[in-house]
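Undergrad: here is the input, now give the coordinates:
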Amino acid sequence: MMMGMIMSGVQLMEMLPFSVMVVMEGCTIILTIWAKTAMTDYDMSPFVFVVYTHVLSSIILLLSTFVFNCRSRSATHPSLFSFGLFVRCFLLGLTGIAVSQNLAFLGLSYSSPILVCAMGLMLPTFSFLLSVILKRTNADWRSPTFQAKVLGTVISIMGAVIVELYKGPYIRPSSVLSSSSYMVLFQKAGQYLKFSSSATEHWVLGGLLLVGASISVSVWNIIQMGTMKLYPEVEVMEVVSYYSLLGTIQCVIFSLFIEKSLSAWKIKLNMDLLLIVLTACFAGLVRSHVHNWCMKLKGIHYVPKFKPFGIVFATIFGVSLSANNLHYGSVLGAVLTGVGYFTIMWGQIREDDENKDQRHLDSTNSEAKVPLLEEDVGV
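TA: I've put the predicted structure just below:
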C-alpha cells in the first residue's frame with residue numbers, strides 16, 4: 001500500500017507540470033482573444049493597452065522581487081545599477097517589451113489570435129537564422145542536428161507563408177455543436193470573447209507586424225542569454241524586474257507620441273479594466289514564476305514544448321465562439337509551422353545533449369589523467 005501511495009505521488013508530480021503548462025497556454029489564448037475583442041469592438045488602443053498592462057505588471061514584479069527576495073541577496077552580488085547591466089537591461093526592455101509587445105498587439109488588432117500563435121512559433125526559426133548570421137552556430141551540414149534545424153526552418157517558413165497569404169474558407173461550427181450546452185455557455189461569453197468581429201482585416205499587415213515582433217523577441221533571447229552568462233550571480237527575476245521597468249518607461253514615452261488624444265487613455269470601470277488587471281497579474285506574476293518553476297523541475301526545454309498548444313486552444317475557441325475569421329488555411333499553415341517548430345526543437349535538444357555528453361567525456365578524461373600526471377611528477 002505504501003508503494004502504491006509513493007507511485008501515485010510520483011505520477012502526480014509528473015502530471016502536475018504538464019497540467020499546469022497546458023492551463024497556462026489556455027489562459028494565454030483566452031486573454032489574447034479578449035484583448036482582440038477589446039481592441040476591435042471597443043476601440044481600445046493597443047499602445048495604451050501595452051502601457052497600462054506593463055505599468056501594473058512592472059509594479060507587481062518589483063514588489064515580488066525586491067520586497068520578498070531582498071533577504072536572499074548577498075553583498076557579493078553585482079549591483080543592478082552598474083552601467084554594463086543597465087545597457088543590457090535597456091536593450092532587453094527595448095526588444096522584449098517596447099518593440100515586441102507594441103508590434104504584437106498592433107498585429108493582433110489587424111489579424112487574429114491564431115495568426116499570433118503561428119507567428120509565435122517562428123521564434124526558433126528566427127533565433128536559428130540569427131545565430132547562423134552572427135556565426136554563433138557552426139554551419140555543419142553533416143551534423144544531423146543542424147540538418148534538423150534547417151529542415152524545421154524551411155517547414156516553418158512554408159507554414160508562415162501559407163498563414164500569411166492563404167486563408168481558405170471560413171471554419172464554421174456545426175449545428176450539433178451549436179445546440180450543445182457548452183456552446184450556449186460559450187455564446188453567452190461571446191460578448192467579451194469574440195474571436196473576431198471585424199469584417200475588414202489588414203491580414204498581411206498584421207502578419208508582418210507579428211513577424212517583426214518575433215524577430216525582436218529572438219534578438220531579446222540572444223541578449224538575455226549573453227546577460228546571464230556575463231552576470232551569473234544576479235538573480236533571474238531581478239533582471240526581469242529591472243528590464244521590465246525600463247521597457248515600460250520606453251513604452252510610455254513611445255505611446256505618448258502615438259496616442260496624443262486624452263480620450264484614448266481613459267479606461268472605464270468595465271471589462272477592459274479587468275482585462276488589463278488580469279493580463280498584468282498573469283504576465284507579471286503567474287506565468288513568469290510558473291515557467292521558472294517548470295524549467296527548474298523539468299529542464300530548460302520543457303516550457304517551449306507547450307507553445308504549439310496555443311494553436312489547439314485558438315482553434316477550439318475559434319469554432320466555439322462562432323469565429324468569422326478562423327480559416328482552414330490559417331489552421332493548416334499554423335499546424336505546419338508547429339511541425340517546423342518541433343523539428344527545430346528536436347535538433348536543439350539533441351545538440352544540447354551531445355554537448356553535455358562531450359563535456360562529461362572531457363571531464364572524465366581530464367580526471368583520469370590527473371593521477372598519471374601526479375605519478376609522473378612523483379617519479
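
Undergrad: when you work out contacts or count neighbours from here on, use the C-alpha atoms and nothing else.
TA: Noted.

Undergrad: quick check: Lys268 vs Ile276, distance?
TA: The gap separating Lys268 from Ile276 is 11 Å, by C-alpha to C-alpha, to the nearest Å.

Undergrad: what about these two, which has more around it?
TA: Neighbours per residue, other C-alpha atoms under 10 Å: of Lys268 and Ile276, the larger number sits with Ile276, 22 against 9.

Undergrad: just give the nearest non-adjacent residue to the more buried one, would you?
TA: Taking C-alpha to C-alpha, 6 or more residues apart in numbering, and ignoring the residues beside it in sequence, Ile276 has Thr53 as its nearest neighbour in space, at 5.4 Å.

Undergrad: and that neighbour, how many neighbours?
TA: Using other C-alpha under 10 Å, the number of residues around Thr53 comes to 22.

Undergrad: do Met44 as well
TA: 20.

Undergrad: same deal with Phe254?
TA: The tally of other residues near Phe254 (other C-alpha under 10 Å) stands at 16.

Undergrad: repeat that for Leu16.
TA: Neighbours of Leu16 (other C-alpha under 10 Å): 13.

Undergrad: and it, what element?
TA: Assigned by DSSP states H and E, Leu16 belongs to helix 2-41.

Undergrad: right, and the residue nearest to Ile276 touches Thr279 too?
TA: Yes. Checked against C-alpha atoms under 8 Å, the pair Thr53 and Thr279 is within contact range at 6.6 Å.

Undergrad: off-centre distance for the helix or strand hosting Leu115?
TA: If you go by DSSP H and E, Leu115 is part of helix 113-120. Shown here is helix 113-120, whose average C-alpha point lies 11 Å from the average C-alpha point of the whole chain (C-alpha atoms, centre = their mean, to the nearest Å).

Undergrad: and the very next helix or strand once past that helix, what's buried?
TA: Following the chain from helix 113-120 toward its C-terminal end, the next helix or strand by DSSP H and E is helix 123-133. In terms of neighbour count (16 or more other C-alpha atoms under 10 Å), helix 123-133 has its buried residues at Leu123, Pro124, Thr125, Phe126, Ser127, Phe128, Leu129, Leu130, Ser131.

Undergrad: what is the neighbour count of the residue lying closest to Ile258 once chain neighbours are set aside?
TA: Nearest residue to Ile258 in three dimensions, chain neighbours excluded: Phe47, at 7.9 Å (C-alpha to C-alpha, 6+ apart). Neighbour count for Phe47, taken as other C-alpha under 10 Å: 24.

Undergrad: give the rounded mean pLDDT of the helix or strand encompassing Phe47.
TA: Here Phe47, judged by DSSP H and E, is contained in helix 46-62. Along helix 46-62, the predicted local confidence has a mean pLDDT of 90.

Undergrad: ok now that helix, how far from the chain's centre?
TA: 17 Å.

Undergrad: cool, and stretch 340-354?
TA: On the basis of C-alpha atoms, centre = their mean, stretch 340-354 is displaced by 18 Å from the centre of the chain it belongs to.

Undergrad: now do the buried residues in that stretch.
TA: In stretch 340-354, the ones that count as buried by 16+ other C-alpha under 10 Å are Gly340, Tyr341, Phe342, Thr343, Ile344, Met345, Trp346, Gly347, Gln348, Arg350, Glu351.

Undergrad: the fifth one and Ala213, how far apart?
TA: Going from Ile344 to Ala213 by C-alpha to C-alpha gives 20 Å.

Undergrad: cool, and the second one?
TA: From Tyr341 over to Ala213 the distance is 17 Å, taken as C-alpha to C-alpha.

Undergrad: quick one, phi/psi of Leu121?
TA: With angles defined as degrees, to the nearest 10, Leu121 shows backbone torsions of phi -70, psi -10.

Undergrad: is it true that it touches Pro308?
TA: Yes. Contact status for Leu121 versus Pro308: in contact at 7.1 Å, counting by C-alpha under 8 Å.

Undergrad: what sits in contact with each of those two?
TA: Shared contacts of Leu121 and Pro308, defined by C-alpha atoms under 8 Å, 6 or more residues apart in numbering, are found at Gly338.

Undergrad: okay, these two: which has more neighbours?
TA: Summary of the neighbour comparison: Leu121 and Pro308, criterion other C-alpha under 10 Å, with Leu121 having more neighbours (28 against 21).

Undergrad: contacts only, for Pro17.
TA: Pro17 neighbours (C-alpha under 8 Å, 6+ apart): Cys294.

Undergrad: next one: it from Cys117, what distance?
TA: For Pro17, the distance to Cys117 (C-alpha to C-alpha) stands at 22 Å.
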